[in-house]
Structures are given as C-alpha cells and as structure tokens.
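Q: please work out how this folds:
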Amino acid sequence: MEEYIRGAYDSLKEGEAEAALDLLKKALSEDFQHEEVIHALKCLNWWLEKVKRLDDFPDSYEKGEFILSQFGSYNDFLDRIGGRNLKYDLCQYALKRYVYSRALAFFLLLLEDSNNQQDPELLFKTGCCCKGAGDWEAALNYLELAGRFKKEDSGILSELADVNALLGFDRAAKVLFREAFFLDPQGIDLNGMESEMIIQLRNRVRDMGNKDTELAEWIPVWGSIWGIFSIKRELKPVELGRLKQSILSLENENRSQNSIQKGEVNNLIKPRLLNKYFWLLDHLEYHRDLSGLMDETLLKIKFIDPVVFEQYKN
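A: Residues are numbered from 1 along each chain as shown. Alright, predicted model coming up:
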C-alpha cells in the first residue's frame, strides 16, 4: 500500500500523471477505505479533468495561463472536501509539482523565441512555475530577470523574497519582503508563498482576526513590530518625498472617514498609515532626527492605535 502511494507521488513529481493514477487505483483495490488514497484520487482526477481542456487553447501562453488560473478553484475544491489537512501534505506537494511543471513547459517553449526573452510577465510566470516545480535556483534567475524590467513590482519582489528564503538567503528575503509590502501589499499572492518565514507571519497575523484584503496590509505592521522585517535601509530623497505625500494623503482620508457616520468603513487605511509611519520613523532614526518629527509621528501612532504603539515601543 505505502509503496503504491509513494510511487504515485514520485510519478507526479516527474510529470507522469497517468502512471500515478494507475498506482493509486491499485492501492484503492487493496483498501477501498484508505483515506489518503481516496483523497489523492479525487485531487488528481480534478486536475486531469482540467488538463483535458488544454486543447481548447491554441497558444502556449494561454495554456500555461489556464493551468495557473485553476488554483483558485482548486483551493475551493479542497475546502469542500476537507483537503487542507496536514496528513495530505505529501499528496498536495506532489500534485503542485506536477501542475506547475505542466505550466512551466508551455512558458519555457515561448522563451525559446529570443523575442520573448525580455517579456517581464513571461519571465515572472516562468519563475513562479520554477518555484512551484521545486527548481528554486532557476526560479531565482527568472525572477531576477523580470525584476530588471519592473523594479517596483510588489508581486515580483515578494516572489523573489520567497525564493531567497527557500534557498536560505534570509537577509535578502527580509529586505525584499519589506520592500514588497511597502510598495503594494495587495499585489502580493499570499497563498502562493512557500517559505516558513512568510507563512508563519501570515498565519500569526491571520490568527489575530485579520483576513482577506486586510491581512496583507497588517503583515508589514506586525512584521516590523516582531522584528521579522528588521533590515532597514536609507530612503532616497525622492522616496522620502513620496512617503511624506502618501502619509498626508492617507491622514486626510482617515480624517474624512472618521467624520462619516454611515457607510462602509475602509479598514485598510489604518494599517497602511501605520506601515508608512514605521518607514518614516526608520528614516528619522537613521538621520538622528532633531526636528521633533519623530515624537510627532509616535504620537500619531498612539492616537490611531494604542495597542500597536505599545507593542512598537516595547
């Protein structure tokens, strides 16, 4: 039984889905009630049904895109069947390797054309697929190439951070994660992150009651407080100017929101503002601020969130 299961997972990692299916069917014939085998068959058949649709797309890019676009539906499927259980991790890892490898093959085919080798979106997707397929060094290479064309893309920076963390380059990962969350938390695929560094931070912040879009905004706040985003850098003059303007805009938006008695409250303003304040404080500390702006900023933090203020000061 275990030999069949391990063989099926090994086959999936090698891209041999039909061989994996045969092994799982043999395992099921020995034990019709084996939970992991039943789970693996359900999940593999789900993906095989999707793969059958690839012939509907004539273009390699569309084929690769279609595969990647199915992960949202697949996660919903897992939720329905109770598939997010640690005991199925080996199964999900093998399936992920198989699926990303299928998508990767289409993107690599496109990159054989030299005209496509400077397409940042194609390079980005290729890098993400390399990561999902388990080739972290190749992922790093493609993501760095994509980053040369789009230097301030939070999606690319976060994937670069994730791969650096997977490769054990923790310092680089912390710097890149901090930059990505500063630029645009909403541009980061939190569900696609694989490194323990960001997964543990994400889960810890989620356990505090934050979810959905709010989660991405609170991660850099608590990441700074807990010392995970601990590696700071000096801001360039133009960056400092943009930061101050962004803070002013968010403060005005926050005041307008507080004056409204009815209507939907934008819960993203507070964490965004706190994150900007932290970056400003880091800059002021770096330059040994004598203007009093540091004390003023700390008072603003205390006013909008006393809990965060106490945690930050401690």
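Q: all contacts plus neighbour counts: C-alpha atoms, from now on.
A: Noted.
Q: so which bits of the one helix or strand residue 91 maps to are buried?
A: Mapping residue 91 onto the secondary structure by DSSP states H and E places it in helix 89-111. Neighbour-count burial for helix 89-111, with 16 or more other C-alpha atoms under 10 Å as criterion, is recorded at 91-108, 110-111.
Q: return the list of helices and strands in contact with it.
A: Based on contacts counted as 3 or more C-alpha pairs under 8 Å, 6 or more residues apart in numbering; DSSP states H and E, the elements that helix 89-111 packs against are helix 2-13, helix 35-51, helix 60-69, helix 120-132.
Q: for the shortest one, list the C-alpha coordinates in PDB.
A: C-alpha atoms of helix 60-69 as PDB (Å, rounded to 0.1, in the frame of the first residue of the first chain):
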ATOM      1  CA  SER A  60       1.200  28.100 -25.400                       C
ATOM      2  CA  TYR A  61       0.900  31.200 -23.200                       C
ATOM      3  CA  GLU A  62      -2.900  30.700 -22.900                       C
ATOM      4  CA  LYS A  63      -2.300  27.000 -22.000                       C
ATOM      5  CA  GLY A  64       0.100  28.000 -19.200                       C
ATOM      6  CA  GLU A  65      -2.200  30.800 -18.000                       C
ATOM      7  CA  PHE A  66      -5.200  28.500 -17.900                       C
ATOM      8  CA  ILE A  67      -3.400  26.000 -15.700                       C
ATOM      9  CA  LEU A  68      -2.300  28.700 -13.300                       C
ATOM     10  CA  SER A  69      -5.800  30.200 -13.300                       C
END
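Q: buried residues in the helix or strand just after that helix, which are they?
A: For helix 60-69, the following helix or strand on the C-terminal side (DSSP H and E) is helix 71-81. Of all the residues in helix 71-81, those buried under the rule 16+ other C-alpha under 10 Å are residue 71.
Q: got a list of contacts for helix 71-81?
A: The set of residues that contact helix 71-81 without belonging to it, under C-alpha atoms under 8 Å, 6 or more residues apart in numbering, is residue 84.
Q: ok, 10 Å please
A: Contacts with helix 71-81, where a contact means C-alpha atoms under 10 Å, 6 or more residues apart in numbering, come from 39, 42-43, 46-47, 82-85, 96, 99, 191-192.
Q: got the angle between it and helix 89-111?
A: In terms of direction (axes from the mean of the first three to the mean of the last three C-alpha atoms, to 10 degrees), helix 71-81 departs from helix 89-111 by 170 degrees.
Q: helix 71-81 vs helix 35-51, what angle?
A: 150 degrees.
Q: could you point out where this structure is predicted with low confidence?
A: Scanning the chain for pLDDT under 70 picks out 258-265, 290.
Q: tell me the domain ranges of it?
A: Structurally, the chain divides into domains by automatic domain parsing as follows: 2-179, 237-313.
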